[in-house]
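In: what's the 3D shape of this:
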Amino acid sequence: MAKEGFDKEIQFLRMLVLTSGAYSRQQFAERLGISVHTFDKTLRRLKTIVSIIQQTPDTQGKEFAETLRYSYYNSTDPMLLFLYRAKSLKESETQRISIIIAAMNEKALTAMELLDVCCNGLSTETALPDEKTIRSDLKYLEEVGVIRKEPGLRPYRYRIHNDLVQELTNDELIDLYDFVDIMANTQVPSVQGYLLRDGLKKYMSRTSSMPASTEPFLYKYHYYSRILDEAHLFTLLTAIQSRRKVQFLYFSPKNSQSYTSQNTNPLFERELEGKQEKTLPLKIVYDHQYGRWYLLAFDSRHGIKKYRMEGITQLEEDAVVPNELFEEKWNDLEGKIQYSWLIDTGRSVTVKARFFKPEEPQPDFIKDRVLLQGQWGLIKEEDQESFIFEIVVNGTTEIKPWIRSFGSSCEVLEPHSLRTEMMAEWKELREYYESV
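Out: Below is the predicted model of the structure:
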C-alpha cells in the first residue's frame, strides 16, 4: 500500500471506529478532504483486505461499519491490525519473501541458491527477481531479525533465526504466549506485541501435535483506535534517536478536515487544509486518560510545539542536527515539563485536594489509586476518614479529568479558581440528572 494511501486508510478507519458508521458517504468524504469516488474506492480496498486476511468472503456483503462493530465486541483480536499486515509489503514482495523463508527453513543457503529457488518457485507470469533484489530482501530480513548470517567465508549462508522458540518446550511456549498476550493488551505501544503474539500462535499450531488453549485470558483493548497512531510512532522515535528533523502535514483537532489527498495532478490542485510542518522531534508522550499520543518538538520560529499524533500525515525524515543543538533543546523541554501532569508548559500552581476513604471494612482503594497515579504528589495529612494530597503542576487543565474521576470521593481545596471550576461543572452535571 502506498504511503499516502496508508495515511488515508488510517484516518478513514479512525473516523469509522469513533463515529460507529454514523456519517454518510458525503460527510465522510468532506471530513477526509477527498471525493466520494475516492471514498468508495477506499472502502472497496478495505473490504478486500479484510476478506483476504480474515478469510471470510461473507464480509464483502456486510456494511464495513457493521463488520468493525461485530469484530470488536465478539473478538479479543483488534481488527484494526489488518491494516498493518496489509501495509507491510507489496504483493510481489510477499510471494518472494515467503519462498525465501520457506527455503531457509530447511537449511542455510547462499544468495545465489535463493535466487534459483525463487526463479523456480514463482509463476511464469510473475517478474523474476535478480541477484540485487534477493540481496536487498536478505538485508531487510536480517535487519528485522527474521534470519541470521552464518559465520564463515564468502559466499555467506543465511538461515532462519528462530533459535529461541525451537529451544522452548510446549509448556514454555504457552507461558511465553500468555506473557506476550498480557503485555500487548495492557501496555503501549501494542502493535508489535500483537504481531509477535500472532507469530507465536502460528508457530505453536504448526509444531504442536495437540492444539493448546492459547486464550486463557480475555481482554478488551481500551481506546480501540489508538493503535492506528502507532503507524508513525517508531518513525518518530527513530528520528529522535538519530537527532533528525521530520516534516509532515498536520491537521489540528480543531480542523474540519483530518486528511487531504496529495496534489499530484496540476489540473486539479487544491489548497491544503492541513499545515506543513518541519520540526525537530524531542519527546513522545502518551495520555492514558484519553488514549492519545503527543509529539513534543522544537520549531525554530515558535519554540516548543505540541502535536496530536492522530493529526500527523505524510511523515518524512529530514536533515540531521548537531548533537549539541538537540541536547540544548531537549534540556529546555525537560525544564518546561518538569511539573507537567502531561504536556502543559504553563505556569506552576499548587493543587491541594482532600480524598475521602471508603467505609470499613472495604480496602482503601482510593488511597491506593492516588499513590499509584499521583505522580510526584505527596500525602500531607491523614486521619481515619480522609487524607490531603498536594502536588505542584503546570496549570490545572490536565489534572482536572483525574480529579473528576474520583467523583464525590475528592474535594478540591486549593487553588480557589480550580475549586470554583469544579463546583460549576458538578452543578451543571446535576442539572442533567434532575428528575423529569
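
In: What about residue 143, how many residues nearby?
Out: 9 (other Cβ atoms under 10 Å). From N, CA and C alone the C-beta is placed, and that goes for glycine too.

In: In the stretch 1-150 of the chain, where is pLDDT below threshold?
Out: When residues are selected by pLDDT under 70, those of the stretch 1-150 of the chain lie in 1-5, 20-21, 49-77, 79, 86-92.

In: at 50 instead, please
Out: Applying pLDDT under 50 to the stretch 1-150 of the chain flags the ranges 1-4, 55-61.

In: for it, what spans make up the helices?
Out: 3-19, 25-32, 36-54, 64-74, 82-87, 91-104, 111-121, 131-143 (DSSP state H, counting those that start in this stretch).

In: right, and those helices - which one's nearest residue 294?
Out: Closest to residue 294 of the helices of the stretch 1-150 of the chain, according to Cβ to Cβ: helix 3-19, at 16.1 Å.

In: could you dump that closest one to PDB, C-alpha only?
Out: Only the C-alpha atoms of helix 3-19 are listed here, as PDB (Å, rounded to 0.1, in the frame of the first residue of the first chain):
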ATOM      1  CA  LYS A   3       2.500   5.800   1.900                       C
ATOM      2  CA  GLU A   4      -0.300   8.300   1.100                       C
ATOM      3  CA  GLY A   5      -2.800   5.600   0.900                       C
ATOM      4  CA  PHE A   6      -1.900   4.300   4.300                       C
ATOM      5  CA  ASP A   7      -2.400   7.700   5.800                       C
ATOM      6  CA  LYS A   8      -5.800   7.900   4.200                       C
ATOM      7  CA  GLU A   9      -6.800   4.400   5.500                       C
ATOM      8  CA  ILE A  10      -5.700   5.400   9.000                       C
ATOM      9  CA  GLN A  11      -7.900   8.500   9.100                       C
ATOM     10  CA  PHE A  12     -10.700   6.600   7.400                       C
ATOM     11  CA  LEU A  13     -10.700   3.800  10.000                       C
ATOM     12  CA  ARG A  14     -10.300   6.200  12.900                       C
ATOM     13  CA  MET A  15     -13.400   8.100  11.900                       C
ATOM     14  CA  LEU A  16     -15.300   4.800  11.200                       C
ATOM     15  CA  VAL A  17     -14.500   3.500  14.700                       C
ATOM     16  CA  LEU A  18     -15.200   6.800  16.600                       C
ATOM     17  CA  THR A  19     -18.400   7.500  14.700                       C
END
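
In: That helix to helix 25-32, inter-axis angle?
Out: With axes from the mean of the first three to the mean of the last three Cα atoms, to 10 degrees applied, the angle from helix 3-19 to helix 25-32 works out at 120 degrees.

In: what packs against helix 3-19?
Out: If you count contacts as 3 or more Cβ pairs under 8 Å, 6 or more residues apart in numbering; DSSP states H and E, helix 3-19 packs onto helix 25-32, helix 36-54, helix 64-74, helix 82-87, strand 312-320.

In: in it, what counts as buried?
Out: By neighbour count on 16 or more other Cβ atoms under 10 Å, the buried set for helix 3-19 is 6-17.

In: And stretch 350-357, by the same measure?
Out: 351-353, 355, 357.

In: repeat for stretch 379-389
Out: 386-389.

In: now stretch 118-136, how far from the centre of its chain.
Out: Centre-to-centre, stretch 118-136 and its host chain are 34 Å apart (Cα atoms, centre = their mean, to the nearest Å).

In: Please name every helix or strand in contact with the top strand by length along the chain.
Out: Counting by DSSP state E, the longest strand found in the chain is strand 275-287. Counting contacts by 3+ Cβ pairs under 8 Å, 6+ apart, strand 275-287 packs against helix 230-241, strand 244-250, strand 292-299, strand 303-308, helix 323-336.

In: Identify all contacting residues around that strand.
Out: 188, 233, 236-237, 239-240, 245-252, 292-299, 304-305, 307, 318, 321, 325-326, 329-330, 333, 337, 342-343 (Cβ atoms under 8 Å, 6 or more residues apart in numbering).

In: and the residues you listed, which are buried?
Out: Buried among those by 16+ other Cβ under 10 Å: 188, 233, 236, 239-240, 245-246, 248-251, 292-298, 304-305, 307, 326, 329-330, 333, 337, 342-343.

In: show me the contacts for the residue most central in space within the chain.
Out: Nearest to the geometric centre of the chain sits residue 230, at 2.6 Å (Cα atoms, centre = their mean). Applying Cβ under 8 Å, 6+ apart to residue 230 gives the contacts 189-191, 293.

In: one more time with 10 Å, if that's ok
Out: 84, 188-192, 293, 309 (Cβ atoms under 10 Å, 6 or more residues apart in numbering).

In: follow-up on the earlier one: with distance to residue 33 and mean pLDDT as new columns, can the helices and strands packed on strand 275-287 be given to me in a markdown table?
Out: Below are the helices and strands packed on strand 275-287 laid out as a markdown table (distance: least, Cβ to Cβ, whole Å; pLDDT from 0 to 100):
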| stretch | distance to residue 33 | mean pLDDT |
| --- | --- | --- |
| helix 230-241 | 19 | 90 |
| strand 244-250 | 11 | 92 |
| strand 292-299 | 22 | 92 |
| strand 303-308 | 17 | 91 |
| helix 323-336 | 32 | 93 |
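
In: want to throw those into a markdown table with distance to residue 121?
Out: Converted to a markdown table, the helices and strands packed on strand 275-287 look like this (distance: least, Cβ to Cβ, whole Å):
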| stretch | distance to residue 121 |
| --- | --- |
| helix 230-241 | 31 |
| strand 244-250 | 39 |
| strand 292-299 | 41 |
| strand 303-308 | 45 |
| helix 323-336 | 47 |
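
In: between those, which one is nearest to residue 26?
Out: strand 244-250 (23.2 Å).

In: And the buried residues of stretch 379-389, which is closest to residue 206?
Out: Closest to residue 206, out of all of the buried residues of stretch 379-389 and judged by Cβ to Cβ, is residue 389, at 53.2 Å.

In: Report the secondary structure state of that closest one.
Out: strand (DSSP: H, G, I helix; E, B strand; the rest coil).

In: Was I right to think it contacts residue 380?
Out: Yes. Contact criterion Cβ atoms under 10 Å: residue 389 and residue 380 qualify, at 7.4 Å.

In: shared neighbours, those two?
Out: Counting by Cβ under 10 Å, 6+ apart, the residues touching both residue 389 and residue 380 are residue 352.

In: if we can go back for a sec, and the longest strand of the chain, what's buried?
Out: 277, 279-284, 286-287.

In: If anything else comes up later, I'll come back, but that's it for now.
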